[in-house]
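> A structural model of the following input is requested.
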Amino acid sequence: MRIEILGSAAGGGFPQWNCGCRNCQAIRAGGFQGKSRTQTQVAITNDGQSWFLLNASPDLRQQIEGTSPLHPRRDGRDSPIAGVLLTSGDLYQITGLLSLRELQPFRIYCTASLRHILREDNSVFAMLNRVPQQVAWTDVSPGSSFPLVTVAGNDSGLCCEVFSLGSRYPRYVGDQSLTKLSPSEALLGLIVKSPSGERLAYLPAVPEVDNQLLERLQSVDLLLFDGTFWSDDELIKVQGGGATAREMGHIPVSSEVGILQKLKSLHRSRKIFVHINNTNPMLDESSPEYRAVRAAGWEIAEDGWHFDL
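Residues are numbered from 1 along each chain as shown. Here you go, the predicted structure:
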């Protein structure tokens, strides 16, 4: 299995267009020891021919153009993108779907609740089904495993397991719609298994780590995990108010109850943070926070990284 990290930042990217935090000011001024990043996006393939996207970021068009394996392979209309797996309805996970609206067939894997939000509650996503067989929608349920197949029904060789991570839907989902949705389908984690048995776990948003999740992660070979905020009060310190990391659905990286502590028992997997907010001090490679992450055996994803499992 080939894994391409097309983007690694949280919503808004790094630097964020309207942010004047210390990190964003420094990288614009050219004095920052770190790299700019587009919004988190991952692509996977088994055969190098059929690619599957893990979510669809707002920066998807730019990310595709910057990744030659995702370019058209022949004259006329063509794309190696065979499908998209959606883990939530958050805008930074779904708006890139609209960049795939040009009548190129592909498959979308998501929960029935998320399909309801996109196809019945939001008319703009009707652009994905203007003609018959433009997009094939495949419902998945938490706790299920399924093969990744193309719209033509060809098996990619990859198998995906999905599981529930939380029950909170995005704020744009109205109260009336919430009554029709399953809480367990709001936020998913993914584990993708290659034909040779190696396992990738993808969890860009994690509101809590329990023993069941820890047990799941013990068997993975590569872990891409939520690294949004360094501290729980990070945005409050930067903005002078607002929500905590946990209130926004993210466990902070630091503290005695943070990710570094909660996942310190994982020794088998290569552990990499994705979905890193522009305010996170670990983006600065000269910072003590960056050194603490590396000393704990973690890496901080960069756009353009790729792996083979």
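
> now do the same end-to-end measure for stretch 302-309.
18 Å (Cα to Cα, to the nearest Å).

> buried stuff in that stretch?
302-304, 307, 309 (16 or more other Cβ atoms under 10 Å). Glycine gets a C-beta too; all of them are placed from N, C-alpha and C.

> next, format those residues as TSV and append distance to residue 273 and pLDDT.
Compiled in TSV, the buried residues of stretch 302-309 are given as follows (distance: Cβ to Cβ, whole Å; pLDDT from 0 to 100):
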residue	distance to residue 273	pLDDT
302	11	98
303	13	98
304	16	98
307	14	96
309	18	95
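
> tell me which of those fall in strands.
Using DSSP state E, the members of the buried residues of stretch 302-309 that fall in strands are residue 307.

> farthest pair within the buried residues of stretch 302-309?
303 and 309 (19.6 Å; Cβ to Cβ).

> so which residues of the stretch 151-300 of the chain form strands?
155-166, 187-193, 199-203, 222-226, 270-274, 298-300 (DSSP state E, counting those that start in this stretch).

> turn these into CSV, columns for mean pLDDT, distance to residue 96 and mean neighbour count.
Below are the strands of the stretch 151-300 of the chain laid out as CSV (pLDDT from 0 to 100; distance: least, Cβ to Cβ, whole Å; neighbours: other Cβ atoms under 10 Å):
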stretch, mean pLDDT, distance to residue 96, mean neighbour count
strand 155-166, 98, 19, 19
strand 187-193, 98, 17, 24
strand 199-203, 98, 16, 23
strand 222-226, 98, 17, 24
strand 270-274, 98, 15, 22
strand 298-300, 98, 22, 19
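
> redo those as CSV? Include distance to residue 28.
Formatted as CSV, the strands of the stretch 151-300 of the chain follow (distance: least, Cβ to Cβ, whole Å):
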stretch, distance to residue 28
strand 155-166, 34
strand 187-193, 33
strand 199-203, 30
strand 222-226, 26
strand 270-274, 23
strand 298-300, 20
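
> now for the most centrally placed residue in the chain: which residues touch it?
Central residue of the chain (Cα atoms, centre = their mean): residue 204, 4.5 Å from the mean position. By Cβ atoms under 8 Å, 6 or more residues apart in numbering, residue 204 lies in contact with 40, 55, 87, 93, 224-226, 274-275.

> which one of those residues is nearest to residue 144?
Closest to residue 144, out of all of the contacts of residue 204 and judged by Cβ to Cβ, is residue 87, at 14.0 Å.

> can you report how many residues neighbour that closest one?
Close neighbours of residue 87, defined as other Cβ atoms under 10 Å, add up to 24.

> before we move on, what about residue 297?
Neighbourhood size, residue 297 [other Cβ under 10 Å]: 14.

> quick check: closest non-adjacent residue to it.
Closest residue in space to residue 297, ignoring its immediate chain neighbours: residue 271 at 6.2 Å, by Cβ to Cβ, 6 or more residues apart in numbering.

> that neighbour and residue 224: what is the separation?
9 Å (Cβ to Cβ, to the nearest Å).

> go on, residue 49?
Distance of residue 49 to residue 224, given as Cβ to Cβ: 23 Å.

> try residue 184
Counting by Cβ to Cβ, the gap from residue 184 to residue 224 is 22 Å.

> kindly report the same for residue 303.
13 Å.

> torsion angles phi and psi at the closest residue to residue 101 other than its chain neighbours?
Nearest residue to residue 101, sequence neighbours excluded (Cβ to Cβ, 6+ apart): residue 127, at 4.4 Å. Main-chain torsions, residue 127, degrees, to the nearest 10: phi -60, psi -20.

> doesn't residue 98 make contact with residue 127?
Yes - Residue 127 is in contact with residue 98 according to Cβ atoms under 8 Å; the separation is 6.4 Å.

> any idea what the residue nearest to residue 162 when sequence neighbours are not counted is bridged to?
Leaving out its chain neighbours, the residue that sits closest to residue 162 by Cβ to Cβ, 6+ apart is residue 188, at 4.8 Å. Counting by DSSP bridges, residue 188 is bridged to residue 164.

> in the stretch 51-200 of the chain, which spans are helices?
Ranges of helices within the stretch 51-200 of the chain are 60-65, 91-94, 112-116, 175-178, based on DSSP state H, counting those that start in this stretch.

> tell me the buried residues in the last one?
I take that to be helix 175-178. Quick answer for helix 175-178 (16+ other Cβ under 10 Å): residue 177.

> before we move on, what about the longest one?
Within helix 60-65, the residues that qualify as buried by neighbour count (16+ other Cβ under 10 Å) are 60, 62-64.

> and residue 39, how far from residue 77?
26 Å.

> just residue 204 next, same as before
30 Å.

> now residue 291
Counting by Cβ to Cβ - residue 291 and residue 77 are separated by 48 Å.
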